[in-house]
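*Asks:* My questions are about this predicted structure, shown below with the sequence.
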Amino acid sequence: MRTAAEILDEHGLAPPPAGATRYYAPCPRCSANRKPAHRKSECLGITITRDGVHFDCSHCGWKGGGYYNGHGQENDPIGATYDYQDESGAILFQKVRTTAKRFWQRQPDDAGDWINNVKNVRKVLYQLPRIVEAIGNSQTIICVEGEKDADNLCNLGIPATCSPDGAAKPGQKPK
């Protein structure tokens, strides 16, 4: 079981001031490359909740964190990832599912890592290259609720897709 301090340390972040659950610090990703007068600017907002640590840089957009459980339960590791690709097969973004069914989306960065947001990323249907091929072959395409269902149908040779944002709950605006 990881602690909040261990998660912060993994990302090169200082531990919080005593008792703080929300604080700001210089960003380890962008602050060193800034002008000397701005290197100590506290642009990274860090939040510690009972479930995990989350951070977001207002300067470079770096987001991240990690889950832990202060109640003695196992961590919530990534259970599956689903690549959303453009027409040529290049990854635009990825949907992440944890074993406890938490979801988020992330985009690749230029250093081979991930940025935990999809700001300024074109949203596309899941399995887009297969969908384009199916349209070209005049095949029927099945729209399902999630990536797991789409994968299961595609593995059977049935073109299938879903929305990157999942299904709307009753009373919600349709996605």
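*Replies:* Sure, I can see it. Numbers count the residues shown, from 1 in each chain.

*Asks:* Let me see the domain layout of the chain.
*Replies:* Domain assignment for the chain by automatic domain parsing gives 4-67, 78-161.

*Asks:* Can you give me the end-to-end span of the longest one?
*Replies:* Across domain 78-161, the straight-line distance between its terminal residues is 22 Å, by C-alpha to C-alpha, to the nearest Å.

*Asks:* avg pLDDT for that domain?
*Replies:* In this model, domain 78-161 has a mean pLDDT of 91.

*Asks:* Just the C-alpha atoms of the helix or strand containing residue 135, please, in PDB.
*Replies:* When elements are assigned from DSSP states H and E, residue 135 belongs to helix 128-136. Output of helix 128-136 as PDB, limited to C-alpha atoms (Å, rounded to 0.1, in the frame of the first residue of the first chain):
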ATOM      1  CA  LEU A 128     -12.000   4.400 -36.000                       C
ATOM      2  CA  PRO A 129      -9.600   2.700 -38.500                       C
ATOM      3  CA  ARG A 130     -11.800  -0.400 -38.500                       C
ATOM      4  CA  ILE A 131     -15.000   1.700 -38.800                       C
ATOM      5  CA  VAL A 132     -13.600   3.500 -41.800                       C
ATOM      6  CA  GLU A 133     -12.700   0.100 -43.400                       C
ATOM      7  CA  ALA A 134     -16.200  -1.300 -42.600                       C
ATOM      8  CA  ILE A 135     -17.900   1.800 -44.200                       C
ATOM      9  CA  GLY A 136     -15.700   1.200 -47.300                       C
END
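
*Asks:* what's the spacing between that helix and its chain's center?
*Replies:* 25 Å (C-alpha atoms, centre = their mean, to the nearest Å).

*Asks:* again, but for stretch 28-43
*Replies:* Distance, centroid of stretch 28-43 to centroid of chain: 25 Å (C-alpha atoms, centre = their mean).

*Asks:* same question, stretch 96-113
*Replies:* That offset, for stretch 96-113, works out to 3 Å (C-alpha atoms, centre = their mean).

*Asks:* Same question for stretch 105-119.
*Replies:* Offset of stretch 105-119 from its chain centre (C-alpha atoms, centre = their mean): 7 Å.

*Asks:* Alright, I will stop here.
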